[in-house]
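Colleague: please find the sequence and the predicted model below.
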Amino acid sequence: MSEEIRQAASLIGVRDGSDGPEVLVIERTLDHRFLPGYVAFPGGAVDPADSPLAERWFGDAEEASRAAAVRELVEEVGLAVTREAVVGVDRDRPLARIHDAPPPVARLPEVARWIAPERVPVRFDARYYATRMDGAADPTPDGVEAATAWWASPRSLMRAWESGELLFYWPTHFTMRALADCPDATALLALRISTREPDDDELGRLPRSVFYQD
């Protein structure tokens, strides 16, 4: 087991739909090194280059995790969160539209933080941010990390997981359950999730795939 904990970030895009809020999710490629084929929110590890991006976008290098969440959204699904909208990107200049009009920090609230326990072979300290994406351009999965990307209500995603159609890892599963209780996008953006590890009942009742990458 690795003792190193890497910083990571994910971005929960949300919009209002006919069945309550809808969120943007990806299914990881089958050759992905971490949780291949699992459904997750766009995101990944914080890179050294994210500190300068945070300084440029938010005026504070300490916001590197928030910058990473915005960057990963661009890389995985081709969407850029700007000051006024969520737009498609030019793959030759993917960050240009964010540079021109970066989003304020207040538009990207932190809704959860997951620190992986020692039993996890790849340990992350992952912050989950959320942002409203009504009217966003269609996601375009990169095919490298994200095989597919789509919008769905957390309730329908939970039903698909319960029927065995989708794979969720524990942080995604726990987060999605909390999101499913939100009546609309505004409530989701105001959510602050108190994270925890699974209890003995959950370890015995939920599928092994929720806890282990076999």
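Modeller: Cool, got the structure. Treat the numbers as computed from the prediction; the structure is a model and nothing was measured.
Colleague: spit out the contact partners of T140.
Modeller: 77-79, 88, 149 (C-beta atoms under 8 Å, 6 or more residues apart in numbering). The way it works is simple: take the backbone N, C-alpha and C, and place the C-beta from them, glycine included.
Colleague: quickly name whichever of those residues is closest to E27.
Modeller: A149 (7.8 Å; C-beta to C-beta).
Colleague: you'd agree that closest one is in a helix?
Modeller: No - the assignment for A149 (DSSP: H, G, I helix; E, B strand; the rest coil) gives strand, which keeps it out of a helix.
Colleague: run a quick neighbour tally on the residue nearest to D214 when sequence neighbours are not counted.
Modeller: Among residues not flanking D214 along the chain, R208 sits closest, at 7.1 Å (C-beta to C-beta, 6 or more residues apart in numbering). The number of residues packed near R208 is 9, by other C-beta atoms under 10 Å.
Colleague: tell me which other helices or strands the helix or strand that contains E55 touches.
Modeller: Secondary structure assigned from DSSP states H and E places E55 in helix 50-58. Packing contacts for helix 50-58, counted by 3 or more C-beta pairs under 8 Å, 6 or more residues apart in numbering; DSSP states H and E, involve helix 64-77, helix 96-100.
Colleague: who wins for proximity to A137 among those helices?
Modeller: Judging these by C-beta to C-beta, what sits closest to A137 is helix 64-77, at 9.6 Å.
Colleague: what strands line up against the following helix or strand past the closest one, and which way round?
Modeller: Going down the chain from helix 64-77, the next helix or strand is strand 79-81, by DSSP H and E. Strand 79-81 pairs in its sheet with strand 86-88 (antiparallel), by DSSP bridges.
Colleague: gap between the partner strand and the chain center?
Modeller: 17 Å (C-alpha atoms, centre = their mean, to the nearest Å).
Colleague: before I go, just wanted to say thanks for your time.
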